[in-house]
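A.B. asks: Show me how the following folds:
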Amino acid sequence: MLFQAKRPAFHHLKQKWTAKHRSLQDKVWDKHGTSLRQLAVGSLGGLMLLASPTSAAITNQHSTGDQITQDTDNNMLLADEISKKLPQEMRSLNSQEETEIGQILSRNFGFKVSAELQNIRLNRSYGVIGGEQHLYRYPGDSLQKHADTSVDWAMFGSSGIAPGLGAWGYFVPSEAEFSEKDKMREKYYLATQTFLAPGFAENVGKYRDFFKFRKMLVVNPKTGQSVVAVIGDAGPAEWTGKHLGGSPEVMHFLGLAGGPRKGPVLYFFVDDPIDQIPLGPIKLDKFRS
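C.D. replies: Below you'll find the predicted structure:
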């Protein structure tokens with residue numbers, strides 16, 4: 001389905017409002033993050049205003065007000081627990097920190113995550129994510145084809161599409177072979193610095209196959225907003241100061257699509273050998289301390 005490049009006025013205004021809201025949220029977190037986390041533990045319902053209006057905590061449009069509040073509370077509780085394990089500065093986590101955070105995430109999401117899987121790891125598990133463009137999924141694909149509805153186009157069309165292919169080329173050889181699974185992989189993809197992984201240079205073929213579409217859990221440690229995504233590209237370059245990239249949808253559901261379109265995240269491998277865990281934003285139904 002094709003859409004006109006010109007967006008309806010109300011969608012344009014909605015985007016401007018959302019970007020302004022997120023910018024304000026980031027400033028509040030940067031200035032008052034510690035006190036807000038403490039408030040989250042003692043009086044959670046009043047923190048709904050800190051959540052992005054399109055965050056993973058409130059994506060279910062049919063939720064009741066009480067359920068939305070509870071979801072937001074759970075995310076904030078998770079963020080508060082994680083914050084106690086993170087270093088003050090942006091650096092690679094040590095093995096103890098990775099183990100403790102991996103246990104917190106595994107316990108709360110109900111599936112195993114870890115910084116290392118099958119004796120392979122990335123160069124880090126805590127870093128700065130930046131926004132990426134859409135990727136070509138098959139020969140003849142276009143930016144317009146990525147949007148199923150006018151709302152999709154209004155929200156994500158402006159991100160554009162990368163001029164080149166991802167690290168593994170097209171997601172499928174032809175449009176005829178394109179499936180819902182392939183669609184979700186591009187929709188929720190990450191670009192990670194696979195080329196900096198320990199042992200990559202000595203095992204290029206093995207590591208290339210391991211990383212291709214490997215599932216990862218990505219968590220915004222400030223808000224608890226989380227997404228399951230796959231590694232669909234390699235990057236960014238070291239000189240950018242960023243450690244990984246996220247698709248427009250990934251950034252949106254992490255609450256990082258506005259302003260500078262970047263921020264700190266945790267990213268751990270998902271141990272899902274039989275492909276049971278769906279891609280996309282995760283709603284934390286219950287916080288488990």
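A.B. asks: could you pull out the strands for the stretch 151-289 of the chain?
C.D. replies: 189-192, 215-219, 226-234, 244-246, 262-270, 280-282 (DSSP state E, counting those that start in this stretch).
A.B. asks: Can you give the distance of the last one from its chain's centre?
C.D. replies: Between the centre of strand 280-282 and the centre of its host chain there is 8 Å, according to C-alpha atoms, centre = their mean, to the nearest Å.
A.B. asks: May I have the strands that pair with it, each with its orientation?
C.D. replies: strand 226-234 (antiparallel) (DSSP bridges).
A.B. asks: Kindly report the same for the second one.
C.D. replies: The sheet places strand 215-219 alongside strand 226-234 (antiparallel), strand 262-270 (antiparallel), with pairing taken from DSSP bridges.
A.B. asks: Reformat these as CSV; add mean neighbour count, mean pLDDT and distance to residue 118.
C.D. replies: Just so you know, the C-beta spots here come from the backbone N, C-alpha and C atoms, and that holds for glycine as well. Converted to CSV, the strands paired with strand 215-219 look like this (neighbours: other C-beta atoms under 10 Å; pLDDT from 0 to 100; distance: least, C-beta to C-beta, whole Å):
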stretch, mean neighbour count, mean pLDDT, distance to residue 118
strand 226-234, 24, 98, 14
strand 262-270, 22, 98, 9
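A.B. asks: and those strands as CSV, adding distance to residue 286?
C.D. replies: Formatted as CSV, those follow (distance: least, C-beta to C-beta, whole Å):
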stretch, distance to residue 286
strand 226-234, 14
strand 262-270, 19
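A.B. asks: Can you tell me which of those strands is nearest to residue 278?
C.D. replies: Residue 278 sits nearest to strand 226-234 of all the strands paired with strand 215-219, at 6.9 Å, using C-beta to C-beta.
A.B. asks: okay, the closest one in CSV with CA atoms only?
C.D. replies: What follows is strand 226-234, C-alpha atoms only, in CSV (Å, rounded to 0.1, in the frame of the first residue of the first chain):
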residue,chain,number,x,y,z
SER,A,226,12.3,-2.8,26.7
VAL,A,227,12.3,-4.4,23.2
VAL,A,228,13.2,-7.8,21.9
ALA,A,229,15.1,-7.3,18.6
VAL,A,230,17.4,-9.1,16.3
ILE,A,231,20.9,-8.2,15.0
GLY,A,232,20.2,-7.2,11.4
ASP,A,233,23.3,-5.0,10.6
ALA,A,234,26.8,-4.3,11.7
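A.B. asks: before we move on, the earlier item: how about the strands of the stretch 151-289 of the chain in JSON lines, adding distance to residue 103?
C.D. replies: Formatted as JSON lines, these follow (distance: least, C-beta to C-beta, whole Å):
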{"stretch": "strand 189-192", "distance to residue 103": "22"}
{"stretch": "strand 215-219", "distance to residue 103": "13"}
{"stretch": "strand 226-234", "distance to residue 103": "16"}
{"stretch": "strand 244-246", "distance to residue 103": "22"}
{"stretch": "strand 262-270", "distance to residue 103": "11"}
{"stretch": "strand 280-282", "distance to residue 103": "17"}
